[in-house]
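Participant: from the sequence below, what's the structure:
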Amino acid sequence: MQITLTGDEGKTILYASLNTDGNLFFWFEYYGRNENEGDYEFNHTVKAEEFTFIARKFGLDPGNHILTNTKRINDSGRGQELERALTKNEIKNELWTWLNTP
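Facilitator: Now for the predicted structure:
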């Protein structure tokens, strides 16, 4: 199952799913708009022990499956807030980035 998170402007900002280790995996890629711009890819990996924290932070039941809670966060219009919490490491996660420069 894959969840698409939308930002404040209604555009896709992240995709989420569980990886083979049972961790929550968020990813996105920005493509260069022309030949002078590079592509930028990143992902956040959140370990299962953080799932309860995420649920409580957003006022959800920690007993729900994490993807169910992630979808509820997005459906309630708080996808951007979740993305910011990952970026600011308010939700503990491992960040991986890749930049392709022309």
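Participant: tell me which element the residue nearest the centre of the chain falls in.
Facilitator: With distances taken as CA atoms, centre = their mean, the residue of the chain nearest its centroid is F26 (3.7 Å). Using DSSP states H and E, F26 sits in strand 24-30.
Participant: check which helices and strands the helix or strand following that strand is in contact with.
Facilitator: Using DSSP H and E, the next helix or strand after strand 24-30 towards the C-terminus is strand 39-46. In terms of contacts (3 or more CB pairs under 8 Å, 6 or more residues apart in numbering; DSSP states H and E), strand 39-46 is packed against strand 24-30, strand 94-100. The way it works is simple: take the backbone N, C-alpha and C, and place the C-beta from them, glycine included.
Participant: packing partners of the helix or strand following strand 39-46?
Facilitator: Downstream of strand 39-46, the first helix or strand assigned by DSSP H and E is helix 51-57. When contacts are defined as 3+ CB pairs under 8 Å, 6+ apart, helix 51-57 packs onto helix 66-75.
Participant: same question for the helix it packs on, mean pLDDT?
Facilitator: Helix 66-75 shows a mean pLDDT of 98.
Participant: show residues contacting the following helix or strand past it.
Facilitator: Under the assignment DSSP H and E, the closest C-terminal helix or strand after helix 66-75 is helix 79-87. Taking CB atoms under 8 Å, 6 or more residues apart in numbering as the criterion, the residues outside helix 79-87 that touch it are 5-8, 13-14, 26, 44, 46, 54, 57-58, 70, 73-74, 90-91, 93.
Participant: next: stretch 8-18.
Facilitator: 1-7, 24-28, 66-67, 70, 79-80, 82-83, 86.
Participant: cool, thanks, talk later.
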